[in-house]
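Colleague: Build me a model:
(chains A and B)
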Amino acid sequence: MIVNPDDLSCKELVELVTDHVEDRLSPSARTRFEMHLSYCAPCRVYLAQMRETVKLAGRLSEETLPPGSKEALLRAFRGWKRSPGGDP
Amino acid sequence: MEAQPGGRPVIAYKFLAAGAVGPFTAFRWPTPGPSGAGAWVEAPDHRPEHGVHACRVQDLAFWLDEELWRAELADPVAEGQRQVIGASGRLLERVAAWNAEAAHAFAGACVWHARDRCAVALRGAGFGGESELLAGCRALPDLDATSKALTSHAGLPAALAGYVAEAIDFLLAGDWACSTYICARSAVIAGGGVESDFAAERERQAALLAERLGL
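Modeller: I've put the predicted structure just below:
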């Protein structure tokens, strides 16, 4: 299907979803974002998942991590940065 | 966006997800009770774009969702792109005629209209045979099979039939909102690539919806 050049693609929506959740989109970008959601069920699911993730992650603090988890995470991130192709 | 002059409340329409939930914010709207309209909801801050969003009848098809509500927006109300935005708003009543059955029937009507438009476009472009095949369909399974068969043809017949076939697929899968979107997109191809045909078709869909729902 050929989409309207003014419409967002699903890929573009994914790139903007954090800005939408954090309310950083301009009014016109927000409208384009939401118009896409009005007909794209998979993107609505994605937005709902992002909202839920933000909600759940917001309850976490460093103090709530189980013993050893902080060190394990730091090791994983340091190893990931050192590994070839590890750039995001 | 320009603020609407005067202090009168504006009556508009608001599509919500099941349970009167805002589809983009996940905000659960206070619904009307025995004593009348739902509670007023204020915008979280004074930025115009952060107000309560609703739409006018002519823009209904751009915002389809499971529930349709009649809403009241309080002044100041601004015009946005395909929407109106009030500083606060409340739900007045649910449009009971908009339900799953009505949504499916509405999307079906959009599919048949897309079929008609595509058949006319094909005839005009010299594809009389393909046009006749589409125009001769009388039931959805027939149109489904015919449009899918035509996608194996080359050029415009395959493109237009592809839109019809895809709109039927989404309709039969229960995704009537996407089906109506595809139907509106087909108007652009049938019209020779004029992008404004999309919005015009969405407005035509909205008019059909308003007529069916008695808005």
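Colleague: and the longest strand anywhere in chain B, what other elements does it pack with?
Modeller: When chain B is scanned for its longest strand (criterion: DSSP state E), the result is strand B:67-80. Under the contact criterion of 3 or more CB pairs under 8 Å, 6 or more residues apart in numbering or on different chains; DSSP states H and E, strand B:67-80 touches strand B:10-16, strand B:52-54, strand B:83-94. For the C-beta atoms, the positions are set from N, CA and C on the backbone; glycine is no exception.
Colleague: Off-centre distance for it?
Modeller: When distances are taken as CA atoms, centre = their mean, to the nearest Å, strand B:67-80 is centred 18 Å away from the chain's centroid.
Colleague: Strand B:83-94 and that strand, what's the angle between them?
Modeller: Using axes from the mean of the first three to the mean of the last three CA atoms, to 10 degrees, one finds that strand B:67-80 and strand B:83-94 are set 150 degrees apart in direction.
Colleague: For strand B:67-80, buried residues please.
Modeller: Within strand B:67-80, the residues that qualify as buried are B:67, B:68, B:69, B:70, B:71, B:72, B:73, B:74, B:76, B:77, B:78, B:80, counting by 16 or more other CB atoms under 10 Å in any protein chain shown.
Colleague: Not counting its neighbours along the chain, what's nearest the fourth one?
Modeller: Yep, that's residue B:70 we're talking about. Sequence neighbours aside, residue B:92 is the residue nearest to residue B:70 in space, at 4.6 Å (criterion: CB to CB, 6 or more residues apart in numbering or on different chains).
Colleague: For chain A, list the residue farthest from the centre, please.
Modeller: Distance to the chain centre peaks in chain A at residue A:67, reaching 27.6 Å (criterion: CA atoms, centre = their mean).
Colleague: Which elements pack onto the helix of greatest length in chain A?
Modeller: With secondary structure taken from DSSP state H, chain A has its longest helix at helix A:41-57. Helices and strands touching helix A:41-57, as assessed by 3+ CB pairs under 8 Å, 6+ apart, comprise helix A:10-21, helix A:27-39.
Colleague: Do the longest one and chain B come into contact?
Modeller: Yes. Part of helix A:27-39 sits close enough to chain B to count as contact by CB under 8 Å from any CB of the partner chain, namely A:27, A:28, A:30, A:31, A:33, A:34, A:35, A:37, A:38, A:39.
Colleague: can you pull the contacts of the fifth one?
Modeller: I take that to be residue A:33. By CB atoms under 8 Å, 6 or more residues apart in numbering or on different chains, the contact list for residue A:33 reads A:8, A:13, A:16, A:20, A:25, B:24.
Colleague: okay, now the second one: neighbour count?
Modeller: Right, the one you point to is residue A:13. Other residues within reach of residue A:13, judged by other CB atoms under 10 Å in any protein chain shown, total 22.
Colleague: With adjacent residues omitted, what lies nearest to it?
Modeller: Counting by CB to CB, 6+ apart, residue A:13 lies nearest to residue A:43, which is 5.1 Å off, once chain neighbours are set aside.
Colleague: now swap in the fourth one and tell me
Modeller: The spatially closest residue to residue A:20, leaving aside those adjacent along the chain, is residue A:33, at 5.4 Å (CB to CB, 6+ apart).
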